[in-house]
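Engineer: based on what follows, work out the 3D shape:
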Amino acid sequence: MKPKDLTGSSLSFLGDAVFTLKVREYLLSRHYQNPNSLQKLSSTYNSAKGQRRIFERLSEGGFFKEEEMQAFKRGRNDIGHVPKSSDLLSYEIASGLEAICGYLYLTDSERLDEFFRNVFEGGFEDE
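Structural biologist: Residues are numbered from 1 along each chain as shown. Sure thing, here's the model as predicted:
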């Protein structure tokens, strides 16, 4: 499977699964075991609002490469609907970030690991 053969929404779909799995692995590695705590902390990362904060922090730090930003734009521009739980801008950015995850999953596992190290390095105050 090649990223160029997938639509932006397909990259986001794949990236959503990767992002969710990595967040869950991270939380379990930090010894969180209570289901309520796991769900609450997971949603700080996996919500559109949380993913928007992650993207903005990494973007301001100049983390993303040009080809990753191209994947971001494809995912951001290819959304079908906006859930009631989110605003349009946050949802677009979250979809773009998930597209980056899908792209990296398919192309560069080392860069994907670097991405998640940076995601978790910043953390959230809720954690």
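Engineer: chain center to the lowest-mean-pLDDT helix or strand in the chain, what's the gap?
Structural biologist: The helix or strand of the chain with the lowest confidence, counting by mean pLDDT, DSSP states H and E, is helix 35-46 at a mean of 87. A distance of 15 Å separates the centroid of the chain from that of helix 35-46, by C-alpha atoms, centre = their mean, to the nearest Å.
Engineer: can you check stretch 94-101 too?
Structural biologist: Between the centre of stretch 94-101 and the centre of its chain there are 5 Å (C-alpha atoms, centre = their mean).
Engineer: could you export that stretch as PDB, keeping only the C-alpha atoms?
Structural biologist: Presented in PDB, the C-alpha positions along stretch 94-101 are these (Å, rounded to 0.1, in the frame of the first residue of the first chain):
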ATOM      1  CA  ALA A  94      -7.000  16.500  13.700                       C
ATOM      2  CA  SER A  95      -7.800  14.800  10.400                       C
ATOM      3  CA  GLY A  96      -4.600  16.300   9.000                       C
ATOM      4  CA  LEU A  97      -2.500  15.000  11.900                       C
ATOM      5  CA  GLU A  98      -4.000  11.600  11.600                       C
ATOM      6  CA  ALA A  99      -3.100  11.600   7.900                       C
ATOM      7  CA  ILE A 100       0.500  12.300   8.900                       C
ATOM      8  CA  CYS A 101       0.400   9.300  11.200                       C
END
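Engineer: just the buried residues of stretch 22-41, please?
Structural biologist: Neighbour counts over stretch 22-41 (16 or more other C-beta atoms under 10 Å) mark 22-24, 26-27, 32, 41 as buried. (Each C-beta comes from the backbone N, C-alpha and C, glycine too.)
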